[in-house]
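Participant: Sequence and computational prediction follow.
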Amino acid sequence: MSTQPKGRYTAEEYLALERAAEYKSEFYAGEIFAMAGASEQHNLIVANLVRELGLQLKKRPCKTYPSDMRLKVAPTGLYTYPDVMVVCGKVWLDDEQQDTVLNPTLIVEVLSPSTESADRGSKSGHYRKLDSLQEYLLVSQVKPHVEHYSRHPDHRWLLSEAEGLQSEIRLSSIDCVLPLSEIYDKVELALQ
């Protein structure tokens, strides 16, 4: 999230402003935070993830959403736009506008210099409060590296990592495998 708040608002005021806005913003604790644009690498990685997950989930009861779909973390009040979300089963939407997801199974964030600390810290803490969330991925933009957090029945989160284009991530909650070679297809990495 950006560190430049625009003022104090209710969630309802935020949603009214957001639905009419040209640019996306996040909301938490009465503050609206403008979202920055993304790099070419970031956009390619997100497109590759959406494509690969969408292909593997075809004809299955799961939906893949890119970063234009808003998420509400109901237990904490955070409204945000994860880079990729997957919802399996019935999609729960927040209100009659039906543009805010409540129950993701998987969330993926592509790390950017301006968002990495929030994606690892505060956002991760918010996301883990979602009962529906089973897996959370943090994807590097600078090298083929993915951090995979998976929820266990005792509410512990286990970290595993995949590094290198020959590696893959197994997503047990949605029964998918993501080869890093597909995640980073056509992405020019600075550090290989």
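Facilitator: Nice, I can see it. Bear in mind the structure is a predicted one, so any value in this text is a computation, not a measurement. Numbers count the residues shown, from 1 in each chain.
Participant: Looking at the top helix by length along the chain now, give me its mean pLDDT.
Facilitator: The residue-count maximum for a helix in the chain (DSSP state H) belongs to helix 40-56. Here helix 40-56 scores 97 as its mean pLDDT.
Participant: For that helix, list every residue counted as buried.
Facilitator: For helix 40-56, a neighbour-count test (16 or more other Cβ atoms under 10 Å) marks 41-46, 48-50, 52-54, 56 as buried. All C-beta atoms are positioned from the backbone trio N, CA, C, and that covers glycine.
Participant: same question, stretch 139-149
Facilitator: For stretch 139-149, by 16+ other Cβ under 10 Å, it's 139, 140, 141, 144, 145, 146, 147, 148, 149.
Participant: from memory residue 38 sits against residue 113, does it?
Facilitator: No - assessed by Cβ atoms under 8 Å, residue 38 is found out of contact with residue 113, at 11.3 Å.
Participant: Pick out whichever of these two has more residues nearby.
Facilitator: residue 38 (18 against 9; other Cβ atoms under 10 Å).
Participant: Return the distance of the residue nearest the centre of the chain relative to residue 8.
Facilitator: Nearest residue to the geometric centre of the chain (Cα atoms, centre = their mean): residue 82, 2.9 Å. Residue 82 sits 25 Å away from residue 8, going by Cβ to Cβ, to the nearest Å.
Participant: hmm, back to that, dump the buried residues of helix 40-56 into CSV; add distance to residue 67 as well.
Facilitator: Below are these laid out as CSV (distance: Cβ to Cβ, whole Å):
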residue, distance to residue 67
41, 14
42, 10
43, 9
44, 13
45, 11
46, 6
48, 13
49, 10
50, 9
52, 16
53, 13
54, 14
56, 19
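Participant: Give the residue spans of the protein that score low on pLDDT.
Facilitator: 1-7, 191-192 (pLDDT under 70).
Participant: where exactly do the helices run in it?
Facilitator: So, for the chain - with DSSP H - the helices run 11-20, 40-56, 116-120, 122-127, 180-183.
Participant: can you put those in CSV and add distance to residue 97?
Facilitator: CSV is the format used below for the helices of the chain (distance: least, Cβ to Cβ, whole Å):
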stretch, distance to residue 97
helix 11-20, 7
helix 40-56, 22
helix 116-120, 26
helix 122-127, 21
helix 180-183, 32
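Participant: tell me the contacts of residue 163?
Facilitator: 143, 144, 145, 146, 180 (Cβ atoms under 8 Å, 6 or more residues apart in numbering).
Participant: same thing but 10 Å
Facilitator: 140, 143, 144, 145, 146, 147, 180 (Cβ atoms under 10 Å, 6 or more residues apart in numbering).
Participant: Over to residue 158?
Facilitator: With the criterion set at Cβ under 10 Å, 6+ apart, residue 158 makes contact with 148, 149, 150, 151, 152.
Participant: Lovely, talk soon.
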